[in-house]
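**Student:** please work out how this folds:
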Amino acid sequence: MKQWTMKTTGRANLELIEGPIPDPAPGEILVKVSSVALNYRDRLAIDEGLTMAFPDNGLFVPGSDMAGEVVAVGTGVDRFAPGDRVISACLPGWVDGAGPGNARMGGPEALGSGHYPGVLSEYVALDQEWAVRAPARLSDVEASTLPMAALSAWTALVEQGRVHAGQTVVVLGTGGVALFGLQIAAAHGAEVIVVSGDDAKLARAEDLGAAHLINRATQDWVKAVYEATRDRGADHILETIGAHHLARSIEAAAVGGHISLIGILQRYEISGHVAHLARKKLRIDGLQVGHRRALEDLVRAVDRIALHPVIAAEYALQDLPSALAHLERGAFGKVVITTT
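**Tutor:** As a prediction, this is how the structure comes out:
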């Protein structure tokens, strides 16, 4: 089989190699990978290391979000059988609740972190607990986008936010998390405001159900939120930019509002005005994607509502560097690698 590996950080160190197809160990499933969706986290892991740990064999395989077919199972496997379509649960060991972790390190590491195997391979052996059944309604390309981007939006709005009809949701940008947030919020009857610096992307967001469109390049987006909501502000904000941009989301939030801190596009240190935070009685949730039970709930929801992931582009396995460049430029929706 072919798989992408690297022995040290840096995109120039990516290497497409050939190796043996693994045999599933007890409790593992062998998946023939069809599609791998890329996330901003993958680019950070490849380019900068992020929380990467190189495994004992020295070969790091990136990627966490895949869809494929089970082709073999190890002894003791009872959740899947050959022929089942599956997607990865990108945070191994987190089935429900607060999840594993500690005060020093926080929550669990992801697939493709070096702590756990990555999925940018033609085949991957995974513990059966690290996968869920794929939605029947979606293609493998579409299904591969659910484990991180879609689940982050679902966790923010449904698991933590309890979004409902009559509320206002702000999504920032038109990447994977933002567009999933738009569709999930609209499906729950919320009014969605999309903020972007590109009029063409805003027009496409309107087609997905956005009620208000704000071009942050031509106007102050916070003031525009005030105008759109008659000064009430937003009940939920998907803060996918992070860092000092959090201060602006705090300004835009309604009294009693909810901000989901998801992104690190502007790096890791956050800031915001404590008076706004206190007087508005805001809740800010740090968000690490979500657990497996929520992913299973999301899959059931996808099969019941007309939610279709927006695919920006598909690239062949050997074209990973071009796909990463597309991701870095800014995509409307998800960039996906296909292995067939």
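
**Student:** grab the nearest non-local neighbour of Trp94.
**Tutor:** Take Trp94 and drop its neighbours on the chain: the residue closest to it by C-beta to C-beta, 6 or more residues apart in numbering is His291, 4.5 Å away. For the C-beta atoms, the positions are set from N, CA and C on the backbone; glycine is no exception.

**Student:** residue contacts, the one you found?
**Tutor:** Leu91, Trp94, Val95, Asp96, Gly97, Gly99 (C-beta atoms under 8 Å, 6 or more residues apart in numbering).

**Student:** how much space separates the closest residue to the fifth one other than its chain neighbours from Leu298?
**Tutor:** Pointing back at Gly97 there. With C-beta to C-beta, 6+ apart as the criterion, Gly97 has its nearest non-adjacent residue at 7.1 Å, and that residue is His291. Taking C-beta to C-beta, to the nearest Å as the criterion, His291 is separated from Leu298 by 11 Å.

**Student:** pLDDT value on the residue nearest to Gly97, please?
**Tutor:** Confidence per residue is given as pLDDT, and for His291 that number is 96.

**Student:** got phi/psi on it?
**Tutor:** phi -90, psi 170 (degrees, to the nearest 10).

**Student:** my guess is Asp198 contacts Thr174. True?
**Tutor:** Yes. Under the criterion of C-beta atoms under 8 Å, Asp198 makes contact with Thr174 at 7.4 Å.

**Student:** neighbour count winner among the two?
**Tutor:** When Asp198 and Thr174 are compared for neighbours, Thr174 comes out ahead with 26 against 16, by other C-beta atoms under 10 Å.

**Student:** which parts of the stretch 101-250 of the chain are helices?
**Tutor:** Assigned helices in the stretch 101-250 of the chain, in chain order: 140-143, 151-154, 176-187, 199-207, 221-228, 246-252 (criterion: DSSP state H, counting those that start in this stretch).

**Student:** figure out which of these is closest to Arg304.
**Tutor:** Nearest to Arg304 among those is helix 176-187; the distance by C-beta to C-beta comes to 9.4 Å.

**Student:** next, the angle helix 199-207 makes with the closest one.
**Tutor:** In this structure, helix 176-187 runs at an angle of 30 degrees to helix 199-207, with axes from the mean of the first three to the mean of the last three C-alpha atoms, to 10 degrees as the basis.

**Student:** so where is the stretch 51-200 of the chain shaky, pLDDT-wise?
**Tutor:** Counting by pLDDT under 70, the low-confidence segments of the stretch 51-200 of the chain come to 51-58.

**Student:** how about the strands in it?
**Tutor:** Using DSSP state E, counting those that start in this stretch, the strands found in the stretch 51-200 of the chain span residues 65-73, 85-88, 123-127, 131-133, 168-172, 191-196.

**Student:** quick one, which of those strands is nearest to Gly209?
**Tutor:** Closest of the strands of the stretch 51-200 of the chain to Gly209 is strand 191-196, at 6.4 Å (criterion: C-beta to C-beta).

**Student:** list the neighbouring strands of the closest one plus their orientation.
**Tutor:** According to DSSP bridges, the neighbouring strands of strand 191-196, each with its direction, are strand 168-172 (parallel), strand 212-215 (parallel).

**Student:** now name the helix or strand holding Leu277.
**Tutor:** Element membership of Leu277 [criterion: DSSP states H and E] is helix 274-279.

**Student:** Leu298 and Trp154 touch, don't they?
**Tutor:** Yes. Using C-beta under 8 Å, Leu298 makes contact with Trp154 at a distance of 4.6 Å.

**Student:** run a quick neighbour tally on the residue nearest to Leu324 when sequence neighbours are not counted.
**Tutor:** Across the structure, with C-beta to C-beta, 6+ apart as the measure, the residue nearest Leu324 apart from its sequence neighbours is Arg43 (5.7 Å). By the measure other C-beta under 10 Å, the count of residues near Arg43 is 18.

**Student:** checking my notes, Arg43 in a helix, right?
**Tutor:** Yes. Residue assignment for Arg43, taken from DSSP: H, G, I helix; E, B strand; the rest coil, places it within a helix.

**Student:** show me what contacts it?
**Tutor:** Residues touching Arg43, when contacts are defined by C-beta under 8 Å, 6+ apart, comprise Leu324, Leu327, Glu328.
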